[in-house]
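S.K.: Can you look at this prediction? I've put the sequence above it.
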Amino acid sequence: MDKDNATQEDAEMKLISQGLHQLYDPVLDEPVPERLRAHVVGRSRWRAAGVAAGWVAAGLAVGVVAGWQLHASRTVAIAQAEVPGFVKRAAVAHAVYSPEVRHPVEVGADQEQHLVAWLSKRLGAPLRAPKLDAVGLGYALVGGRLLPGENGPVAHFMYQCKEGKRLTLYVRANAVGNPETAFRYAAEGNVKVFYWIDRKLGYAISSADISREDLLAVADAVYRQLNP
Amino acid sequence: MNDADGIVELIPRLRRYARALAGDRIAADDLVQDTLERAWSKFHLYRRGTDLRAWLFTVMHNVYVNQLRASRPTAQLDEEMPELAQPVRETDALVLRDLDAAIRRLPPDQREVLLLVALEAMSYEEAAGTLGVPIGTVMSRLARAREKLRAMLSGLPPGGGKQLKIVK
């Protein structure tokens, strides 16, 4: 009796198993969506780039922009160790993705609405892809991608000018930091970063190709568009 | 680099399981993506030399459970328990569409156990390790899942399979 039941149960499980394989094995042969592949591949390149750059927190050169501050009369002196983790990640992401020829972004500027809606959904915060036309340096949106951050998804927008120079805007949610909004500057190697925290969103704008002054003008334009 | 390669290789497996677990394609790939994100952030907890697939499935299980907790359970239930008109099937042929619908209607914890064992070919012990529950729990969930499937599917013999006596 028990033996019969066991045999029947085996037969039953076999039927279920066969059915499940018929239903779901086709998924194994589907091409893996780029967003999933990029996640892992991007991450491993990220690590490699971090190592290649010899990235250490202590090696960061940190400064505060004296010329531009919300509190015009104050200069904020910050210790090197206080550079938020997301700023280092932003600089590494810039170093990894900006030389990319074939896949600089996951979703192109031709689908800007979709891109912004998607990244906003993943970050759980309403985002915008700022326009840089007013800066006068000729930078236009190339597109963006989703990246893994310290505590969740991060939005990464890329811009390019006619000469092919690129800059990237890195946005993370749930950023904690100095409530005092001011642009801060950090650099590693040839990557320059201006960053700030505003209403729980952390922003970092990075470039290796343009001057600190021009990058500041871009950061200023981005900030003004996000806070009209 | 090896870690990344190993994970990339396992993405199709994660997607298959997620599709069976979550149902629609977008929700399933979102689940895989969240799993990969979490796996990277927790990768220091992975012990080299142990089964990477089992570890990733555990991560996915945790992500999935958190998602279920975050969503409203009642809404989930309504969505997964549609009225199914059950046409009478000839003989004991298992109709795939009905199996799929029946699996969707299982409670998530039972669906997970069934999929790990029947689709991923995990032993009870492996399934228990993946889900972080005792083996006895795996066995009882599996038994309940099968009982429900039997009740829902005319293709499977009801009451422990008395109709299948002819099967040796």
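M.R.: Looks like it came in fine. Note that the structure is a prediction, hence the values are computed from the model and not measured. Numbering: from 1, shown residues only, chains lettered A, B, ... in the order given.
S.K.: Tell me which residue lies nearest the centroid of chain A.
M.R.: residue A:156 (3.4 Å; C-alpha atoms, centre = their mean).
S.K.: does that one really touch residue A:166, like I thought?
M.R.: No: contact criterion C-beta atoms under 8 Å: residue A:156 and residue A:166 do not qualify, at 11.7 Å. Quick note: C-beta positions are derived from backbone N, CA and C, even for glycine.
S.K.: after the longest helix anywhere in chain A comes which helix or strand?
M.R.: Secondary structure of chain A per DSSP state H: the longest helix is helix A:2-24. Counting by DSSP states H and E, the element after helix A:2-24 in chain order, helix or strand, is helix A:26-29.
S.K.: for the record, mean pLDDT for that next one?
M.R.: Across helix A:26-29, the average pLDDT comes to 90.
S.K.: tell me what that helix is packed against?
M.R.: helix B:2-22 (3 or more C-beta pairs under 8 Å, 6 or more residues apart in numbering or on different chains; DSSP states H and E).
S.K.: Which residues in the following helix or strand past the helix it packs on does the neighbour count mark as buried?
M.R.: As assigned by DSSP H and E, the chain's next helix or strand after helix B:2-22 is helix B:25-41. Buried residues in helix B:25-41, counted by 16 or more other C-beta atoms under 10 Å in any protein chain shown: B:28-40.
S.K.: just how off-centre is helix B:25-41 within its chain?
M.R.: Offset of helix B:25-41 from its chain centre (C-alpha atoms, centre = their mean, to the nearest Å): 16 Å.
S.K.: same check, this time on stretch B:6-20
M.R.: So, by C-alpha atoms, centre = their mean, the centroid of stretch B:6-20 is 13 Å from its chain's centroid.
S.K.: right, is that stretch up against chain A?
M.R.: Yes: applying C-beta under 8 Å from any C-beta of the partner chain, one finds that stretch B:6-20 is in contact with chain A at B:7-8, B:11-13, B:15-16, B:19-20.
S.K.: if we can go back for a sec, would you reformat the buried residues of helix B:25-41 as TSV and include distance to residue A:108?
M.R.: Formatted as TSV, those follow (distance: C-beta to C-beta, whole Å):
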residue	distance to residue A:108
B:28	25
B:29	20
B:30	21
B:31	25
B:32	23
B:33	19
B:34	24
B:35	26
B:36	22
B:37	23
B:38	28
B:39	28
B:40	25
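S.K.: check whether the longest helix of chain A contacts chain B.
M.R.: Yes: Helix A:2-24 reaches chain B (C-beta under 8 Å from any C-beta) through A:4-5, A:7-9, A:11-13, A:15-24.
S.K.: Excluding sequence neighbours, find me the nearest residue to residue A:227.
M.R.: With sequence-adjacent residues excluded and distances taken as C-beta to C-beta, 6 or more residues apart in numbering or on different chains, residue A:227 is closest to residue A:198, at 7.0 Å.
S.K.: That neighbour pairs with what?
M.R.: Taking DSSP bridges as the rule, residue A:198 bridges to residue A:201.
S.K.: about what we covered before: go back to the buried residues of helix B:25-41 and keep what's next to chain A.
M.R.: B:29, B:32-33, B:36-37, B:40.
S.K.: so which one among the residues you listed has the lowest pLDDT?
M.R.: residue B:40 (79).
S.K.: what's near enough to touch the spatially closest residue to residue A:135 that is not a sequence neighbour?
M.R.: Leaving aside its sequence neighbours, residue A:135 sits nearest to residue A:221 (C-beta to C-beta, 6+ apart; 4.8 Å). Listed by C-beta atoms under 8 Å, 6 or more residues apart in numbering or on different chains, the contact set of residue A:221 reads A:130, A:132, A:134-135.
S.K.: Which SSE is immediately downstream of the least confident helix or strand in chain B by mean pLDDT?
M.R.: Lowest on mean pLDDT, DSSP states H and E among the helices and strands of chain B sits helix B:73-80, with a mean of 42. With elements assigned by DSSP H and E, the helix or strand that comes after helix B:73-80 is helix B:96-104.
S.K.: one step back: between the buried residues of helix B:25-41, which is nearest residue A:98?
M.R.: residue B:40 (21.4 Å; C-beta to C-beta).
S.K.: wait, the closest one sits on residue A:148?
M.R.: Yes: using C-beta under 8 Å, residue B:40 is in contact with residue A:148, at 5.4 Å.
S.K.: Mind checking what secondary structure the nearest residue to residue B:13 once chain neighbours are set aside has?
M.R.: Spatial nearest neighbour of residue B:13, chain neighbours left out: residue B:53 (6.5 Å); criterion: C-beta to C-beta, 6+ apart. Per DSSP: H, G, I helix; E, B strand; the rest coil, the secondary structure class of residue B:53 is helix.
S.K.: related to what we said a few turns ago, reformat the residues of stretch B:6-20 next to chain A as TSV; add neighbour count and pLDDT.
M.R.: Listed next are those as TSV, based on neighbours: other C-beta atoms under 10 Å in any protein chain shown; pLDDT from 0 to 100:
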residue	neighbour count	pLDDT
B:7	25	83
B:8	17	81
B:11	21	91
B:12	18	92
B:13	17	94
B:15	22	95
B:16	25	95
B:19	21	94
B:20	23	95
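S.K.: what's residue B:132 sitting at in phi/psi?
M.R.: phi 70, psi 40 (degrees, to the nearest 10).
S.K.: ok, the closest residue to it other than its chain neighbours - contacts?
M.R.: Nearest non-adjacent residue to residue B:132, counting by C-beta to C-beta, 6+ apart: residue B:58, 7.1 Å away. Applying C-beta under 8 Å, 6+ apart to residue B:58 gives the contacts B:129-132.
S.K.: I'd like to know which of these are buried.
M.R.: B:129-131.
S.K.: What about those, which are in strands?
M.R.: In strands, judged by DSSP state E, none of those are found.
S.K.: With distance to residue B:113 as extra columns, can I get those residues in a markdown table?
M.R.: Listed next are the buried ones among the contacts of residue B:58 as a markdown table, based on distance: C-beta to C-beta, whole Å:
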| residue | distance to residue B:113 |
| --- | --- |
| B:129 | 12 |
| B:130 | 10 |
| B:131 | 7 |
